[in-house]
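In: Need coordinates for the following:
(one chain, ligands or ions: 1)
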Amino acid sequence: MTDFTREVAEAMDARDPLSACRGWFMLPPDVIYLDGNSLGALPGATPKRVARVVEDWGRDLIGSWNHHDWIGWPRRVGDRIARLIGAEPGEVIVADSTSINLFKLLTASLELNPGRRTILSEVDNFPTDLHVAQGLRRLLGEQIDLRTMEASRLPAALDSDVLVLMLTHVNYRTGAMHDMAALTAAARRVGALTLWDLSHSAGAMPLALNAAGVDLAVGGGYKFLNGGPGAPAYLFVAKRWIERIQPALAGWMGHARPFDFDTSYAPASGIERLLVGTPPVISLAALDVGIELFEQVDLRLVRAKSIALGTLFRHLVTQECAGLGLTLVSPADAGQCGSQVSYAHSDGYAVIQALIERQVIGDFRGPDVMRFGFAPLYVRHVDVFDAVLALRDVLKTRAWDQPRFHLRALVT
Ligand SMILES: Cc1ncc(COP(=O)(O)O)c(C=O)c1O
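Out: The predicted structure is shown next:
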């Protein structure tokens, strides 16, 4: 691929089997949105669906829990997510945040794998995953230990003391992707459980949790699943374990008969036992729209497009931005990466702000990483082309070097 032109990008879009999917989203016309790995775009059907639920609430009031089966939504939406991640219906439930679901499943792992104490993880895991483990360590003291290390050292660190291997499948900062099947098999060989965080994978590629023998997983609803800001998260428990879990974070919605109001906790018989409190119905309605879209697409095509966009971005940066201070921090091969590409730049924050002013939206992760995400349902090849030209221009002209671009907002 030398001298790649905009016409070539247009031709790639014309051949894209997913090109029609972009029309499912409400994107501002002049914006190039390369942050769907952080907050997915708004599906066009969401406002009406949310409005309908609000109308149901106004008209049918509390009866809606039964009439509109609101009470069944965490499981129903969970079953839809199961299809995206290679799980069975009844193994996934939508609830709470990813962080809280991590707590639920880490505490569950203590029960499922007694006599072991090490939570093994990656030093560069997403902070919340490590914070939850650190909090648990403070709570339980010597009963558990948290060991973190570079990804390459993980296989050798798996030993008979490892309770659970807790990893994020696709690294939030670099996009580097673990070999889920190989690491899960290696963990199993030493009797360790696996707990995968799928936040940056689900909706961007096919996943095969059961085929890989994964024990536990969590993930968020607001990134590639397009559930909206603060969308509820989900958790997966392999069928073989569900009935063995006595939730530490027990709550009435996980009770076998919540409306018996029995003051002693008795877990529900299925994955519902991992519910805690009342489901966020309006947010669930929005998430359901985002998930539903995936019923019309083949995730293999989604992954193929994600790799094509990532490869194109890398190639164009090499072609257009050589000598402009960028260092690739993602794997060079888009096939080893999730649906994003990241570059380090000493003034990365300011560069991202200058790009945003030009309507090219990526984001920044300290200390110096610029992230560009490719949500395959709505990012086009021409968007990648135009984004790289904007990046080149911002770098070449030092347009980023203005005081307003250095002012750090709370959210980066
Ligand atoms: C890998 C990963 N895990 C967890 C989270 C946080 O999830 P939540 O805010 O739902 O707890 C994020 C947020 O970006 C993430 O990237």
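In: What confidence value was assigned to Ile291?
Out: pLDDT recorded at Ile291 is 97.
In: next one: phi and psi at it?
Out: The phi and psi values for Ile291, taken as degrees, to the nearest 10, are phi -70, psi -40.
In: Tell me who's in contact with Ala108.
Out: Leu216, Val237, Trp241, Ile245, Pro247, Ala248 (C-beta atoms under 8 Å, 6 or more residues apart in numbering). Bear in mind the C-beta positions are built from the backbone N, C-alpha and C, glycine included.
In: how much space between the last one and Leu326?
Out: Distance, Ala248 to Leu326, using C-beta to C-beta, to the nearest Å: 46 Å.
In: Pick out whichever of the two has more residues nearby.
Out: Per other C-beta atoms under 10 Å, whichever of Ala248 and Leu326 has more neighbours is Leu326, with 19 against 14.
In: Can you get me a residue count around the closest residue to the more buried one other than its chain neighbours?
Out: Nearest residue to Leu326, sequence neighbours excluded (C-beta to C-beta, 6 or more residues apart in numbering): Tyr343, at 4.5 Å. Using other C-beta under 10 Å, Tyr343 is surrounded by 23 other residues.
In: Who does the host helix or strand of Tyr343 pair with, and is each partner parallel or antiparallel?
Out: Tyr343 is located in strand 340-344, with elements delineated by DSSP states H and E. Here strand 340-344 is paired, per DSSP bridges, with strand 327-328 (antiparallel), strand 369-373 (antiparallel).
In: Just the buried positions in whichever helix or strand comes after it, please.
Out: Per DSSP H and E, strand 340-344 leads on to helix 348-357 as the next helix or strand towards the C-terminus. If you call a residue buried by 16 or more other C-beta atoms under 10 Å, then helix 348-357 has these buried ones: Gly348, Tyr349, Ala350, Val351, Ile352, Gln353, Ala354, Leu355, Ile356.
In: who touches helix 348-357?
Out: By C-beta under 8 Å, 6+ apart, helix 348-357 touches 345, 361-364, 366, 368-370, 387, 390-391, 394-395, 399-402, 404-406, 408, 412.
In: quick revisit: OK, contacts around the residue nearest to Leu326?
Out: Val317, Leu326, Thr327, Leu328, Val329, Ser330, Val369, Met370, Phe372.
In: let's go with 10 Å and repeat that
Out: 313-314, 317, 321, 325-330, 351, 362, 368-372, 391 (C-beta atoms under 10 Å, 6 or more residues apart in numbering).
In: and what of Ser152?
Out: The contact partners of Ser152, taken as C-beta under 10 Å, 6+ apart, are Glu122.
In: repeat for Asp333
Out: Ile307, Gly310, Thr311, Arg314.
In: quick one: the longest helix along the chain to strand 369-373, angle?
Out: The longest helix of the chain (DSSP state H) is helix 299-320. In terms of direction (axes from the mean of the first three to the mean of the last three C-alpha atoms, to 10 degrees), helix 299-320 departs from strand 369-373 by 130 degrees.
In: Quick one: name the residues of the protein near the ligand.
Out: 97-99, 126, 128-129, 168, 172, 197, 199-200, 220, 233 (C-beta under 6 Å from any ligand atom).
In: Out of those residues, list just those in helices.
Out: Per DSSP H, those map to helices at Thr98, Ser99, Thr128, Asp129.
In: Do I have it right that the first one meets Gly227?
Out: No. Counting by C-beta atoms under 10 Å, Thr98 sits too far from Gly227 to count as a contact (12.0 Å).
In: pLDDT averaged over the longest strand belonging to the chain - what is it?
Out: Criterion DSSP state E: the longest strand present in the chain is strand 162-168. The pLDDT scores in strand 162-168 average 98.
In: Then stretch 376-395?
Out: Across stretch 376-395, the average pLDDT comes to 98.
In: List the buried residues in that stretch.
Out: 376-388, 390-392, 394-395.
In: circling back to that earlier point, out of the contacts of Ala108, grab the one that's most surrounded.
Out: Busiest of these [other C-beta under 10 Å] is Val237, holding 27 neighbours.
In: what's near enough to touch that residue?
Out: Contact partners of Val237, counting by C-beta under 10 Å, 6+ apart, are 87, 90-93, 104-105, 108, 112, 214-217, 243-245, 270-271, 273-274.
In: let's go with 6 Å and repeat that
Out: Leu216 (C-beta atoms under 6 Å, 6 or more residues apart in numbering).
In: just to revisit the earlier point, can you give me the angle the strand holding Tyr343 makes with helix 348-357?
Out: Going by the same axes, to 10 degrees, strand 340-344 makes 130 degrees with helix 348-357.
In: Restricting the selection to alpha carbons, write strand 340-344 to CSV.
Out: The C-alpha trace of strand 340-344 is given here as CSV (Å, rounded to 0.1, in the frame of the first residue of the first chain):
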residue,chain,number,x,y,z
GLN,A,340,-8.3,0.9,18.4
VAL,A,341,-4.8,2.1,17.7
SER,A,342,-2.8,4.2,20.1
TYR,A,343,0.2,6.5,19.6
ALA,A,344,2.4,8.2,22.2
